[in-house]
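Asker: following is a predicted model, sequence given first.
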Amino acid sequence: MLLKKWEQLPPEMQTDEVRKYYDILKKKQGSLFFKRVFDIVASLVLLVILSPVFLILAVAIKLDSKGPVFYRQERVTQYGKHFYIHKFRTMIQNADKGSQVTVSNDSRITRVGKIIRNCRLDEIAQLQAYLENGGNLFVTTDLTVDTPNLDALLAEYGMTRQEGLVIENDSNYYAYGYPQTYLLPSLSSNDITAGVTDGMYVFTPVAQGIVKGDSTDDLTLTTLLSTSSTAYSMQATAEQGENDPNGPFNIAVAASNSATGAKVVWVNCPNMLNSKMNSAVSGGNAQLLTSAVNWMTGEGVVIDSKSMSAETLMVPGRSIKLLGLLFTIVVPLAFIVAGIAITLVRRRR
């Protein structure tokens with residue numbers, strides 16, 4: 001990314017809020033230039049190395065169906081710039097003139113296209129091009145599903161998986177009455193989570209840890225959700241083994257690249273966007289999602305999520321104990337004391 005002059009920015013970007021970040025980037029114009037040179041050189045080297053694979057795919061696509069080898073589609077990204085992404089064609093020619101929704105076993109997908117889609121070769125290339133042009137990405141992953149290409153993309157932004165299932169030993173960090181995998185992780189306080197109401201919980205059942213790398217001049221990594229230090233990552237059995245890593249673990253991490261403008265938020269839990277899990281914490285998950293999206297898009301206002309109905313409320317074990325003490329001992333004693341006082345006053349009369 002090469003920085004434009006302030007006067008050349010789109011009018012909607014020439015604001016006081018953007019100016020602060022613009023001045024920071026302006027001081028790094030040298031590193032931005034060398035980063036751009038590196039991107040071009042690295043891309044050319046990779047093209048040479050992978051050219052035999054690309055050639056085989058191109059021939060296979062041509063032999064399999066009529067039409068061009070590559071599918072081209074327009075995107076809009078940084079500075080409102082329009083650019084085209086190119087990926088290997090996986091559907092019949094002019095398939096986009098029909099339904100824009102691709103379903104399972106779609107008849108428009110070619111035989112070679114099925115192989116490419118199963119390997120996700122086309123989608124990762126799209127994501128890389130999108131992020132390199134200043135795009136934003138919100139990712140949730142499932143520890144039971146292998147996504148090597150997506151993992152490789154996230155590793156470029158300093159984030160990798162912590163193998164195993166996170167088990168929480170601190171009752172304040174998981175839902176009362178549920179397995180210790182139903183996490184209520186700690187919410188970090190920063191600009192990204194600023195839209196989450198104070199005291200609100202985020203519910204992440206069956207999660208995996210994220211190993212956060214070191215921040216660099218261009219890359220900034222921020223923890224959003226984390227477990228307690230007593231948590232561990234289960235490798236084999238439910239009981240903690242000698243080889244099971246100890247916490248704390250990051251459950252959600254944000255990465256921002258000042259050189260490209262790309263922003264990535266990764267939540268390593270497949271249930272984070274589940275409506276039932278969101279209702280269980282009165283919309284806390286939705287608030288985190290909205291707050292993260294607003295951070296990525298530069299918006300500064302988060303409207304609290306409202307609902308006319310709720311199912312169950314998830315609270316940590318410590319709160320349950322306090323509530324139990326309050327309603328089983330404190331409140332009854334208060335009524336007894338009040339009753340005795342009223343009786344004594346009436347007798348005196």
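Answerer: Happy to help now that I have it. The shown structure was predicted, so the numbers you read here are calculated from the model rather than taken from an experiment. Numbering: from 1, shown residues only.

Asker: which residues touch the spatially most central residue of the chain?
Answerer: By C-alpha atoms, centre = their mean, the chain has its centre lying nearest to Trp266, at 2.7 Å. By C-beta atoms under 8 Å, 6 or more residues apart in numbering, the contact set of Trp266 is 139-141, 154, 159, 210, 252-255. Using the backbone N, CA and C atoms, a C-beta is placed for each residue, glycine as well.

Asker: give me the distance between it and Asp16.
Answerer: 30 Å (C-beta to C-beta, to the nearest Å).

Asker: all helices of the stretch 51-200 of the chain, in order?
Answerer: Secondary structure of the stretch 51-200 of the chain by DSSP state H, counting those that start in this stretch: the helices cover 111-119, 121-132, 148-155.

Asker: same check, this time on the stretch 201-349 of the chain
Answerer: 275-280, 284-297, 317-325, 331-348.

Asker: what packs against the first one?
Answerer: By that I understand helix 275-280. helix 284-297 (3 or more C-beta pairs under 8 Å, 6 or more residues apart in numbering; DSSP states H and E).

Asker: and His82, bridged to which residues?
Answerer: Val76 (DSSP bridges).

Asker: ditto for Ile210
Answerer: Going by DSSP bridges, Ile210 forms beta bridges with Arg161, Asn250.

Asker: what's the neighbour count on it?
Answerer: Close neighbours of Ile210, defined as other C-beta atoms under 10 Å, add up to 25.

Asker: ok, now Lys26?
Answerer: Applying other C-beta under 10 Å, I find that Lys26 has 12 neighbouring residues.

Asker: likewise Leu154?
Answerer: 23.

Asker: just checking, it touches Val139?
Answerer: Yes - counting by C-beta atoms under 8 Å, Leu154 does reach Val139; the two are 7.0 Å apart.

Asker: shared neighbours, these two?
Answerer: 264, 266.

Asker: mind listing the strands in the stretch 151-300 of the chain by residue range?
Answerer: 159-162, 165-167, 182-183, 186-187, 204-205, 209-212, 219-226, 232-234, 250-257, 263-267 (DSSP state E, counting those that start in this stretch).

Asker: which of the ones you listed sits closest to Ile85?
Answerer: Counting by C-beta to C-beta, Ile85 lies closest to strand 263-267 out of those; the figure is 17.6 Å.

Asker: just give me how far the closest one sits from the chain centre.
Answerer: Chain-centre distance of strand 263-267: 4 Å, with C-alpha atoms, centre = their mean, to the nearest Å.

Asker: one more: stretch 249-263?
Answerer: For stretch 249-263, the distance to the chain centre is 9 Å (C-alpha atoms, centre = their mean).

Asker: check stretch 219-233 too.
Answerer: Its chain's average C-alpha position is 13 Å from that of stretch 219-233, according to C-alpha atoms, centre = their mean.

Asker: what are the C-alpha coordinates of the strand or helix carrying Tyr22, in PDB please?
Answerer: Taking DSSP states H and E as the definition, Tyr22 sits inside helix 16-26. Provided in PDB are the C-alpha atoms of helix 16-26 (Å, rounded to 0.1, in the frame of the first residue of the first chain):
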ATOM      1  CA  ASP A  16     -10.400  14.300  12.200                       C
ATOM      2  CA  GLU A  17     -10.700  10.700  13.200                       C
ATOM      3  CA  VAL A  18      -8.900   9.500  10.000                       C
ATOM      4  CA  ARG A  19      -6.400  12.300  10.200                       C
ATOM      5  CA  LYS A  20      -4.800  10.800  13.400                       C
ATOM      6  CA  TYR A  21      -4.100   7.500  11.700                       C
ATOM      7  CA  TYR A  22      -3.100   9.200   8.500                       C
ATOM      8  CA  ASP A  23      -0.400  11.100  10.300                       C
ATOM      9  CA  ILE A  24       0.900   7.900  11.900                       C
ATOM     10  CA  LEU A  25       1.100   6.200   8.500                       C
ATOM     11  CA  LYS A  26       2.800   9.200   7.000                       C
END
